[in-house]
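Student: from the sequence below, what's the structure:
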Amino acid sequence: MKTFRTVFAVIVVALLMAAFAPIPGIAPVAASNTVATTSAPAQSFVKAALGLPLLSPMTVSASAPVISVVVEAATNPYACKLTAQTPVDWTKMRGRQIFDAKWTLQNTGTKPWPKASVDYKYLSGAKLHTHKDAYDLPKSVWVGKKTDIVVDMMAPKYNGTYTWYTARWGLVTGSTVFCRFSITIVVNR
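Tutor: Below you'll find the model as predicted:
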């Protein structure tokens, strides 16, 4: 058991040395020489866990550079969040009622949505729209900003009592759909 503790202590020391060793190819960053001292409970914990006595309070120098790693998604850097919609889903309408579907979308990705290369288009479901299946964005949308998508629509004629219709739309770049949104209405006679 004592051998295990010794090996464990050597591994911990080696990991700490590796963590604070300079990395080749990365310029050093100026840092303050902050010293952190462990408290008595922390020392007791280390002593109990390792079975090794500590000669003095443990100190750690924070003079080594701090390295931040940012991992960018390997998939499409475009993303969105629906922040508002009118009319709300399950709104009751008469057959052949004309209305505008309006979605407010926020760019939550890591890249802007260029007006020239991002479109919004009909994907599936009920064809409630009265014009084209695809449109250019009204403006480029920067990261964190919002845009309104408006589509002219008409409720279908229906001869029954009630039924619901869902139209699915999305933002696309090239052939990739990166944002999906829909509207569901209820039509009565």
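Student: now G95, nearest residue through space, not along the chain?
Tutor: For G95, ignoring the flanking residues on the chain, the nearest one in space by CB to CB, 6 or more residues apart in numbering is K157 at 4.4 Å. C-betas here are computed from N, CA, C, even on glycine.
Student: ok, the one you found to L123 distance?
Tutor: Counting by CB to CB, to the nearest Å, the separation of K157 from L123 is 23 Å.
Student: again with Q85
Tutor: From Q85 across to L123, the span is 16 Å (CB to CB).
Student: for the chain, what spans make up the strands?
Tutor: With DSSP state E applied, the chain shows strands at 35-37, 59-61, 80-86, 91-94, 98-107, 118-125, 134-136, 146-154, 162-173, 176-188, listed in chain order.
Student: just checking, R180 touches L123?
Tutor: Yes: contact status for R180 versus L123: in contact at 7.0 Å, counting by CB atoms under 8 Å.
Student: now the common contact residues for the two.
Tutor: Residues within reach of R180 and of L123 at once, by CB atoms under 8 Å, 6 or more residues apart in numbering, are R168, W169, G170.
Student: OK, contacts around the last one?
Tutor: In this case it means G170. Taking CB under 8 Å, 6+ apart as the test, what G170 contacts is Y120, K121, L123, V177, F178, C179, R180, F181.
Student: next: V118.
Tutor: If you count contacts by CB under 8 Å, 6+ apart, V118 has them with Y78, L137, V141, L171, V172, T173.
Student: rewinding a little: out of the shared contacts of R180 and L123, the closest to H129 would be?
Tutor: Nearest to H129 out of the shared contacts of R180 and L123 is W169 (CB to CB; 8.5 Å).
Student: so what's that closest one up against?
Tutor: Counted by CB under 8 Å, 6+ apart, W169 has contacts W103, Y120, K121, Y122, L123, I149, V151, R180, F181, S182, I183.
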